[in-house]
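Novice: give the three-dimensional model of this entry:
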Amino acid sequence: MFTTAPAPNFTQSRLPHDLFAAINALKQELNAVILAHYYQDSEIQDIADFIGDSLELARKAANTSANVIVFAGVHFMAETAKILNPDKLVLLPDLNAGCSLADSCPPEAFAAFKADRPGHLVISYINCTAAIKAMSDIICTSSNAVKIVNQIPENQPIIFGPDRNLGRYVMEQTGRNMEIWQGACIVHENFSEKKIVQLKIENPEAEIIAHPECEPPVLRHANYIGSTTALLKYSQASSSQAFIVATEPGIIHQMQKQAPQKRFIPAPPNNNSCACNECPHMRLNTLEKLYLAMKNQTPEITMPLNIQLAALQPIQRMLEMS
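Specialist: Model prediction:
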């Protein structure tokens, strides 16, 4: 659904000394709003007008009065903003900021999966391409997936995709049997159960908090399971003073800002030689690329009109049911 964009050549681009001031000036000039996901680098979170998880960002995109939406996140998130705002300019700092989970669900294969299960209602996690959204009846996020499935009549068979771990968690929470597409997020599947247990032994006072995209062995050890926003709120409300955080560590910036007296420990990945608990796609966006996207008003998110219109209905249904 999107093409590879050449990397900006910063050596040939004149970047202002104060990027924060320059970005704020462009924001006023363009009547732009900067939306950022919790998994972005801390400096992008600090310049954003609004920070949130997928549900919150979709709501903000649906209600913004800005002429330009600068989406500091990954491609499917910016696509959602464009679907909700077809007449607005939607920019993504790096067009290559994709999503391993979205990539794990090719549209042609999902169409065949759906065709083999006639009569099924399709509920798709928002972490999917616009083409998958266009094949869906309802979109959900990790914040509202359980709530949405609980609103579906019990005799209605359901296809849930693309994340198998979130789908499995929703089945456990709702008692519903669903046909699940076997996709996954490389970040949330890479946490090491063994290392998390070792961290808990070393930090017995710490609570383990985890995103439902994590695999079952990790979730079994969690004191609390929730969406990114839910984890943030829980860490503030809990009396615990230390937390082992099993999700992309970008959220820790907000956790630390809102509860500076507490300690937040990123859950370790299986591989000691890489920062595999960081989303490589989210980290493609930088403050410099954000500035250049606003200055040049590119890369712009576009998609075929038929996909855009078909994907709008299941997103609107999600917002109504949430």
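
Novice: and Ala61, what does it touch?
Specialist: Residues in contact with Ala61 (C-beta atoms under 8 Å, 6 or more residues apart in numbering) are Leu35, Ile69, Phe71, Thr80, Ala81, Leu84, Asn85. (Glycine included, C-beta is placed from N, CA and C.)

Novice: ah, wrong one, I meant His188
Specialist: Asn165, His211, Glu213, Cys214, Glu215, Ala246, Thr247, Glu248.

Novice: these in helices, which ones?
Specialist: The helices, defined by DSSP state H, take in Asn165 from the contacts of His188.

Novice: got a list of contacts for the top helix by length along the chain?
Specialist: Assignment by DSSP H gives helix 305-321 as the longest helix of the chain. Contacts to helix 305-321, defined as C-beta under 8 Å, 6+ apart, come from residues 1, 58-59, 62, 79-80, 82-84, 86, 124, 126, 130-131, 133-141, 144, 147-148, 151.

Novice: give me that answer again for 7 Å
Specialist: Helix 305-321 is contacted from outside by 58-59, 62, 80, 83-84, 86, 130-131, 133-134, 136-140, 144, 148, 151, using C-beta atoms under 7 Å, 6 or more residues apart in numbering.

Novice: ok so, going back, among the contacts of Ala61, the buried ones, what's the ChimeraX command?
Specialist: The buried subset of the contacts of Ala61, as determined by 16 or more other C-beta atoms under 10 Å, is captured in ChimeraX by this line:
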select :35,69,71,80,81,84,85
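
Novice: secondary structure added to the contacts of Ala61, as CSV?
Specialist: Output for those, formatted as CSV (DSSP: H, G, I helix; E, B strand; the rest coil):
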residue, secondary structure
Leu35, strand
Ile69, strand
Phe71, strand
Thr80, helix
Ala81, helix
Leu84, helix
Asn85, coil
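
Novice: and of the contacts of Ala61, the nearest to Asn96?
Specialist: Nearest to Asn96 among the contacts of Ala61: Phe71, at 14.0 Å, using C-beta to C-beta.

Novice: partner residues bridging that closest one?
Specialist: Applying DSSP bridges to Phe71 yields these beta-bridge partners: Leu35.

Novice: and the pLDDT at it?
Specialist: We have a pLDDT of 97 for Phe71.

Novice: please compute how far the longest helix of the chain lies from its chain's middle.
Specialist: 18 Å (C-alpha atoms, centre = their mean, to the nearest Å).

Novice: swap in stretch 245-263?
Specialist: How far stretch 245-263 lies from its chain's middle: 17 Å, per C-alpha atoms, centre = their mean.

Novice: I'd like the mean pLDDT over that stretch, please.
Specialist: 97.

Novice: how long is it from one end to the other?
Specialist: Stretch 245-263 has its terminal residues 10 Å apart, counting by C-alpha to C-alpha, to the nearest Å.

Novice: tell me which residues in stretch 41-48 are buried?
Specialist: Asp41, Ile44, Gln45, Ile47, Ala48.

Novice: and what of stretch 25-44?
Specialist: So for stretch 25-44, counting by 16+ other C-beta under 10 Å, buried means 26-27, 30, 32-41, 44.

Novice: which of these sits closest to Gln254?
Specialist: Distances from Gln254 to the buried residues of stretch 25-44, taken by C-beta to C-beta, are shortest for Tyr38, at 6.0 Å.

Novice: which residue is the nearest non-sequential neighbour of that closest one?
Specialist: Ile251 (4.4 Å; C-beta to C-beta, 6 or more residues apart in numbering).

Novice: before we move on, what about Gln173?
Specialist: Closest to Gln173 by C-beta to C-beta, 6+ apart is Val146, at 4.7 Å.

Novice: what's the neighbour count on the one you found?
Specialist: Neighbour count for Val146, taken as other C-beta atoms under 10 Å: 18.

Novice: that one touches Glu172, doesn't it?
Specialist: No. Counting by C-beta atoms under 7 Å, Val146 sits too far from Glu172 to count as a contact (9.5 Å).

Novice: for the helix or strand harbouring Ala25, packing partners?
Specialist: Using DSSP states H and E, Ala25 falls within helix 19-30. In terms of contacts (3 or more C-beta pairs under 7 Å, 6 or more residues apart in numbering; DSSP states H and E), helix 19-30 is packed against helix 287-296.

Novice: mark which of the buried residues of stretch 41-48 are part of helices, please.
Specialist: Going by DSSP H, the helices hold Ile44, Gln45, Ile47 from these.

Novice: out of the residues you listed, who's nearest Ser322?
Specialist: Looking at these and their distance to Ser322, the nearest is Gln45, at 23.6 Å (C-beta to C-beta).

Novice: buried residues in the helix or strand of the chain with the lowest mean pLDDT?
Specialist: Ranked by mean pLDDT, DSSP states H and E, the weakest helix or strand in the chain is helix 54-63, scoring a mean of 93. Residues Ser54, Leu55, Glu56, Leu57, Ala58, Arg59, Lys60, Ala61 are the ones in helix 54-63 that count as buried (16+ other C-beta under 10 Å).
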